[in-house]
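In: Just a sequence and a predicted model for now, questions to come.
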Amino acid sequence: MKRILAQKWIKLINKQEMKDKIFRSKNKEIKSFEFNEEVVDVFPDMIERSVPGYKLLQSMIIVMAQKYVQNNSNVYDLGCSLGETSFAIQEIVDNEDVKIIAVDNSRAMINKCIKNTKNINRDIKIEFIMDDILKITIKNASFVVMNFSLQFIPVDERDRLINKIFDGLASGGVLILSEKIIFNDSDEDEIMISLHDKMKKINGYEESEIANKRKSLEDVLIPEAIESHYERLRNAGFRRSYTWLKCMNFISIIAIK
């Protein structure tokens with residue numbers, strides 16, 4: 001029953017879901033990628049067709065939330081987009097006195113989240129905040145999720161953000177960090193990129209769309225090697241970090257304080 005309830009948000013969003021054709025025009029000027037209203041309208045389709053393993057990622061995050069969310073604590077969804085993770089956690093956890101704080105710097109994303117919140121009635125409340133995740137305070141957290149958000153943060157600010165998350169976590173608290181990565185081995189990197197492109201083609205994207213989106217993201221999404229993430233987590237003070245999911249050039253790490 002809980003798993004069914006955790007998918008309420010999908011039904012709500014899918015009623016208005018549109019096909020992602022943003023980068024299909026060959027004559028359209030390619031601008032830097034941003035999470036504007038145009039992207040929000042097609043986001044569920046975009047992420048499902050573009051991120052390998054995304055459905056599995058989301059279904060397993062609620063498993064970890066059930067294990068690690070603590071009573072009398074906060075849950076943070078940093079870079080919450082349309083709130084998929086927040087809504088799923090809201091429906092799956094039964095801990096006492098838990099608050100979910102979902103943050104995104106896209107006004108269009110937050111507006112859509114707030115609209116969808118009106119259709120869900122639960123004791124565990126979600127506070128949607130439109131802000132830069134570098135500026136917010138993390139406190140009394142037991143569970144923090146960053147799904148493909150750190151890659152959009154300037155590289156020289158990432159250490160500070162991870163340190164802030166660590167400081168705001170309670171003992172035994174967890175950070176779920178999901179990212180697109182690059183590989184130090186050039187052959188492995190080339191193979192994984194080509195497989196990712198092949199997946200997008202199978203999912204209906206044209207070669208020109210793939211190329212246009214890559215150009216749009218060029219100076220916006222900066223991936224790092226997995227070793228850089230582990231070093232950053234270790235330096236912040238996390239006692240244990242494990243890769244729990246890897247699919248092509250996308251990974252998710254669980255880091256435990």
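Out: Okay, I see it. Because the structure is a prediction, the values reported are computed rather than measured.

In: What strand or helix carries the residue lying closest to D104 once chain neighbours are set aside?
Out: The shortest distance from D104 to any non-neighbouring residue, by Cβ to Cβ, 6 or more residues apart in numbering, is to C80 (4.9 Å). Every residue, glycine included, has its C-beta placed from N, CA and C. Using DSSP states H and E, C80 sits in no helix or strand.

In: can you give me phi and psi for C80?
Out: phi -80, psi -10 (degrees, to the nearest 10).

In: unless I'm mixing things up, it is touching M109, no?
Out: Yes: using Cβ atoms under 8 Å, C80 is in contact with M109, at 7.2 Å.

In: quick one: which of the two has more around it?
Out: C80 (28 against 24; other Cβ atoms under 10 Å).

In: now that one: how far from K19?
Out: Distance, C80 to K19, using Cβ to Cβ, to the nearest Å: 23 Å.

In: and what of P223?
Out: From P223 to K19 the distance is 26 Å (Cβ to Cβ).

In: So between the two, which is more surrounded?
Out: For P223 and K19, the more surrounded residue by other Cβ under 10 Å is P223, and the numbers stand at 17 against 12.

In: buried residues in stretch 242-254?
Out: Buried residues in stretch 242-254, counted by 16 or more other Cβ atoms under 10 Å: L245, C247, M248, N249, F250, I251, S252, I253, I254.

In: can you list the residues that contact that stretch?
Out: The contact list for stretch 242-254 (Cβ atoms under 8 Å, 6 or more residues apart in numbering) reads 51-53, 56-57, 60, 64, 147, 174-183, 189, 192-193, 195-196, 199, 223, 226, 229-230, 233, 241.
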